[in-house]
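J.: Generate coordinates for the sequence data below:
(chains A and B)
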Amino acid sequence: MESKLASYLAPRLEAEDGVAISNLFRIPGGASRETWMFDAAWRAGGEAKSAPFVLRMDPPASLVESEREVEYAFYRAFEGTNVPVPRMRWLELGLEPLGAPFFIMDRITVGETNVQNLASGPQYDGARAMIGRRMYEVLAAIHTAEWSGTDIPKVVKPPTPATCWREALDYWEGMIDANELSPQPIIRAAIRWLRANPPPPAQRVSVVHGDYRVGNFLYSNDGIHGVLDWEMAHLGDPIEDVAWAMHEIWHRDLIPRAECIAVYEEASGLKVAPEALRWWDVFTGVKAQGIWLTGARSFQEGRSSELILVAAAYSLVNRTDEAVLQSLGRGA
Amino acid sequence: MTPYPDRVLMVMAGALGALMAEVRTPFGAQTAGLSAALAGLLAQEWDRAAARLVEENTAVTGLLERARLIVTDEALHVRIDTVIARIPASDLRVSALRTENDELRGVLVDVHAAVDGVAGEQHELLNRLIWDELRESTRRRHLVTGR
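T.: Just a heads-up that it's a prediction; the model follows:
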């Protein structure tokens, strides 16, 4: 991998005598992409240069089947805005350089993503609430961003405010149809409920991150330094992200739920109507189950041997069913 | 006598967990950690799988027997009769019990769709019993995950 990366980067960095790759290792997590970090050193214009990078590469199979160029376009749309993202450098859709499509971005060297540290680590006791509020301010910035002049409309078709919910539900029901290894009576009941009780039209069609939660942003005691993992980004109803971020499975009570909503509403100017939030909360369970089931099938059929796919299925499918029952008012 | 698989898997889980500290790369440590966690989960699942499936297949069969008295859709009626006629099978392997479970719960999905929200005493009762069973099905699947 080092030599292939060096060959790929040399002309792009205008390296005079090759690129030295060091500290190349795979980053844990990343059930939908292989994520690698590395450092590059080279000479250009007679000067010694170096930079830290991150490589995101398609695996043979994943929790989420998504398009490389879509994720790249969403990242790029936020470069230089008040939504912190790493700078995108190169997108490669061919198989030649590394054997799979990939992109390379600058590595943000400040902060960490560890969920447990943020939730309960004493080193964050003084900053936890600030980071919690910042989380929803950044989400508001994502949702109020103007996307029409970016590359986003070139890679995804915008829904209308009235069709956001249906398009999202159709997609994830289709994923469950295609990937469930066994019947899912709770999720099927949830899908029936979602179709019978549609939410109000979206207040605006926004960029939806699609997996905005603790664990998918870099933080430190100074705040949030980078929003990561945009592989499920799309255009849709912003309340989808609010419900996802607050979902019981990964919500970590950095601040009380009511404060999450208050901070978000003030920063975005959007309203989080209870009926909309409930609809997208039930939808979150359906979507999450679609993700776990897709990963489980990939593993079962031998397209992947990533243990994280099995761990997700064993630890989260039943918890998600329980969360959906609660959301539907059918829990214990 | 050989040690039982649940005991072997639990020891493997502990060994893999201890190995985590000695693995030098973050991804390697994650792989060891996931292996440890999965060994612990599989130990629990191995011991209870047959009992859980038999219990659930019996419960869902009961619901379908009740449903065949009130479901009017002809095709669904045939499916209920067909799946009930095949169960219980004599094969107690987990794979066979799981196949039965899939067939039963597949029909249950459609029975639920046929009665959920439909007015009438029998439909409402069956709907309530199905929701009870779905709640119970999540309890049967609980695993101790360390969280």
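J.: starting at the chain centroid, how far to the longest helix along chain B?
T.: Using DSSP state H, we find that the single longest helix of chain B is helix B:26-67. Centre-to-centre, helix B:26-67 and its host chain are 7 Å apart (Cα atoms, centre = their mean, to the nearest Å).
J.: now check it, is it near chain A?
T.: Yes. Contact of helix B:26-67 with chain A (Cβ under 8 Å from any Cβ of the partner chain) involves B:26-27, B:29-31, B:34-35, B:37-38, B:41, B:45. C-beta: built from backbone N, CA, C; applies to glycine.
J.: can you tell me if stretch A:274-293 touches chain B.
T.: No. Stretch A:274-293 stays out of contact with chain B when judged by Cβ under 8 Å from any Cβ, the minimum separation being 12.2 Å.
J.: Give me the pLDDT for the residue of chain B most remote from its centre.
T.: Of all residues in chain B, residue B:24 has its C-alpha farthest from the mean position, at 37.6 Å, by Cα atoms, centre = their mean. Residue B:24 is assigned 82 on the pLDDT scale.
J.: Check residue B:60 too.
T.: Confidence score, pLDDT, at residue B:60: 97.
J.: I figured it hits residue B:111, correct?
T.: No. With contact defined as Cβ atoms under 8 Å, residue B:60 and residue B:111 do not form a contacting pair (9.5 Å).
J.: shaky segments in the stretch 101-250 of chain A?
T.: By pLDDT under 70, the stretch 101-250 of chain A has no low-scoring segment.
J.: OK, contacts around the residue of it with the smallest separation from chain B?
T.: Across the stretch 101-250 of chain A, no residue is closer to chain B than residue A:183, which sits at 4.2 Å (Cβ to the nearest Cβ). Applying Cβ atoms under 8 Å, 6 or more residues apart in numbering or on different chains to residue A:183 gives the contacts B:102, B:105-106, B:108-109.
J.: Can you lay out those as JSON lines showing distance to residue A:87?
T.: Converted to JSON lines, the contacts of residue A:183 look like this (distance: Cβ to Cβ, whole Å):
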{"residue": "B:102", "distance to residue A:87": "48"}
{"residue": "B:105", "distance to residue A:87": "48"}
{"residue": "B:106", "distance to residue A:87": "49"}
{"residue": "B:108", "distance to residue A:87": "51"}
{"residue": "B:109", "distance to residue A:87": "47"}
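J.: ok, and the most crowded of those?
T.: Neighbour counts for the contacts of residue A:183 peak at residue B:108, which has 25 neighbours (criterion: other Cβ atoms under 10 Å in any protein chain shown).
J.: how far away is it from residue B:57?
T.: In this view, residue B:108 and residue B:57 are 11 Å apart by Cβ to Cβ, to the nearest Å.
J.: Same question for residue B:121.
T.: 27 Å.
J.: Which one's more surrounded, those two?
T.: Set residue B:121 next to residue B:57 and count neighbours by other Cβ under 10 Å: residue B:57 wins out with 20 against 8.
J.: quick one: that one and residue B:88 touch, right?
T.: Yes. Counting by Cβ under 8 Å, residue B:88 is a contact partner of residue B:57 at 6.7 Å.
J.: shared neighbours, the two?
T.: Going by Cβ under 8 Å, 6+ apart, residues that sit against residue B:57 and also against residue B:88 are residue B:100.
J.: give the contact list for the closest residue to residue B:32 other than its chain neighbours.
T.: Closest residue in space to residue B:32, ignoring its immediate chain neighbours: residue B:20 at 4.5 Å, by Cβ to Cβ, 6 or more residues apart in numbering or on different chains. Contact analysis of residue B:20 by Cβ under 8 Å, 6+ apart lists B:29, B:32-33, B:36.
J.: Point out where chain B drops to low pLDDT.
T.: Segments of chain B classed as low confidence (criterion: pLDDT under 70) are B:146-147.
J.: re earlier: in JSON lines, list the residues of helix B:26-67 next to chain A along with neighbour count.
T.: Output for the residues of helix B:26-67 next to chain A, formatted as JSON lines (neighbours: other Cβ atoms under 10 Å in any protein chain shown):
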{"residue": "B:26", "neighbour count": "14"}
{"residue": "B:27", "neighbour count": "17"}
{"residue": "B:29", "neighbour count": "16"}
{"residue": "B:30", "neighbour count": "20"}
{"residue": "B:31", "neighbour count": "20"}
{"residue": "B:34", "neighbour count": "20"}
{"residue": "B:35", "neighbour count": "20"}
{"residue": "B:37", "neighbour count": "20"}
{"residue": "B:38", "neighbour count": "22"}
{"residue": "B:41", "neighbour count": "21"}
{"residue": "B:45", "neighbour count": "17"}
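J.: Contact residues of the stretch 1-150 of chain A facing chain B?
T.: Proximity of the stretch 1-150 of chain A to chain B, by Cβ under 8 Å from any Cβ, involves residues A:25-29.
J.: Among the residues you listed, which one lies nearest to residue A:222?
T.: Closest approach to residue A:222 among the residues of the stretch 1-150 of chain A next to chain B (Cβ to Cβ): residue A:27, at 21.9 Å.
J.: In terms of pLDDT, where does the closest one sit?
T.: So residue A:27 comes in at 84 (pLDDT).
J.: quick one: it from residue B:74, how far?
T.: According to Cβ to Cβ, residue A:27 stands 56 Å off from residue B:74.
J.: Neighbour count: these two, which is higher?
T.: residue A:27 (19 against 8).
J.: quick one: that one and residue B:25 touch, right?
T.: No. In this structure, residue A:27 is not within contact of residue B:25 by Cβ under 8 Å, at 9.8 Å.
J.: For the longest helix anywhere in chain A, what is the distance to the chain centroid?
T.: The helix that spans the most residues within chain A, counting by DSSP H, is helix A:274-300. Centroid separation for helix A:274-300 versus its chain: 14 Å, with Cα atoms, centre = their mean.
J.: Name the next helix or strand downstream of it, please.
T.: Counting by DSSP states H and E, the next helix or strand C-terminal to helix A:274-300 is helix A:307-327.
J.: how much distance is there from that following helix to the middle of the chain?
T.: Distance of helix A:307-327 from the chain centroid (Cα atoms, centre = their mean) equals 18 Å.
J.: How about that helix and chain B, touching?
T.: Yes. Between helix A:307-327 and chain B, judged by Cβ under 8 Å from any Cβ, the touching residues are A:307-308, A:310-311, A:314-315, A:318, A:321-322, A:325.
J.: which among these gets closest to residue B:49?
T.: When the residues of helix A:307-327 next to chain B are ranked by distance to residue B:49 (Cβ to Cβ), residue A:314 comes first, at 12.4 Å.
J.: burial measure for that closest one, as a count.
T.: For residue A:314, the neighbour count with other Cβ under 10 Å is 21.
J.: Quickly note the distance from it to residue B:37.
T.: Using Cβ to Cβ, we find residue A:314 at a distance of 8 Å from residue B:37.
J.: So which of the residues of the stretch 1-150 of chain A next to chain B sit within strands?
T.: A:25-26 (DSSP state E).
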